[in-house]
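Colleague: Okay, here's the prediction I keep looking at, along with the sequence it came from:
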Amino acid sequence: MRARLLLLFSLSIFSTNESSKDEESCQFLTDECALAWEIVKSSNAKLTRMDRESILEQTENQLLLQEILERTNRVENMLELVLEKIAHVEGKNSPAPMNLVQEEIFNRYDGSSFMLKVLPNGKGFYVSSFKTNWYAAKEHCEMNGTVLASIKNGEELAQLGNSLPNKFRNHYWLSGSNIGQPAERFVWLDGRRVDNSWWDKRDGEPDSYFTGRETCVRLHWAKLWDTYCTDSTYFICEKP
């Protein structure tokens, strides 16, 4: 309480006449008010001009810090909106509205689970809930009567990529790879070549094939990346 009174006094530098009037007014109120006024007067005798300026400066610094935090929060909110809109301004195809992609969870006999996503064109994709390397993902799809997914066109890429959970962080294996091909040539399991315009050019993709190791295609935020087939990530299957 004493500290609050000191701060109040430092921000209200009374003249002698004003102090007398305030004291008289206070005496007509409660005993607590009179006691508080005595504390203020006692503090006034001890409080130097330097002390008052120091309190004022601390108060101004706190207000400035609060303003900086509020501006930081506004910038973070704006950044989230920008990230959401980037996909809409890149490429010739706009992402499909999320409510057009139907979803359903499927549990397999081996305990694994997949999310079935049905695109507006009727094509269904099974998205895994666990991570593994590309070779094991391919085998797992085939064991369940499906194959690793191959993208047919840019619209399908945009619709599927923008419907995936945690699309800004997660990656998903697709069927594309350069296995058995020249290092720079990527093909889907059905033999079609991966469209060069689908790579994530912002991050310099593809950027791993030149090492000489087998590299496979993964989906990230409606764009394609290449990485070592032995890496572990989620994967997507489809009906052949």
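Modeller: Everything's here; your move.

Colleague: Alpha carbons only: can I get the host helix or strand of Q159 in CSV?
Modeller: For Q159, the host element (DSSP states H and E) is helix 154-161. Taking Å, rounded to 0.1, in the frame of the first residue of the first chain, the C-alpha atoms of helix 154-161 are listed here in CSV:
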residue,chain,number,x,y,z
GLY,A,154,-1.9,-29.7,-60.4
GLU,A,155,-5.5,-29.4,-59.1
GLU,A,156,-5.2,-32.8,-57.4
LEU,A,157,-1.9,-31.7,-55.8
ALA,A,158,-3.4,-28.5,-54.5
GLN,A,159,-6.6,-30.1,-53.1
LEU,A,160,-4.8,-33.0,-51.4
GLY,A,161,-1.9,-30.9,-50.1
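
Colleague: contacting residues for W188?
Modeller: When contacts are counted by C-beta atoms under 8 Å, 6 or more residues apart in numbering, W188 touches 150-151, 174-176, 194. To be clear about C-beta, it is placed using only N, CA and C from the backbone, and glycine gets the same treatment.

Colleague: what's the closest of the residues you listed to A222?
Modeller: I151 (10.2 Å; C-beta to C-beta).

Colleague: and the residue nearest to D195 when sequence neighbours are not counted, how far is that from L65?
Modeller: Spatial nearest neighbour of D195, excluding adjacent residues (C-beta to C-beta, 6 or more residues apart in numbering): G154 at 7.3 Å. Look at G154 and L65: by C-beta to C-beta, to the nearest Å, they are 48 Å apart.

Colleague: In terms of neighbours, single out the busier of the two.
Modeller: Remark: of G154 and L65, G154 carries more neighbours, 15 against 10, as counted by other C-beta atoms under 10 Å.

Colleague: who are the neighbours of the helix holding Q159, in terms of helices and strands?
Modeller: Helices and strands touching helix 154-161, by 3 or more C-beta pairs under 8 Å, 6 or more residues apart in numbering; DSSP states H and E, are strand 215-220, strand 223-228.

Colleague: Good, wrapping up.
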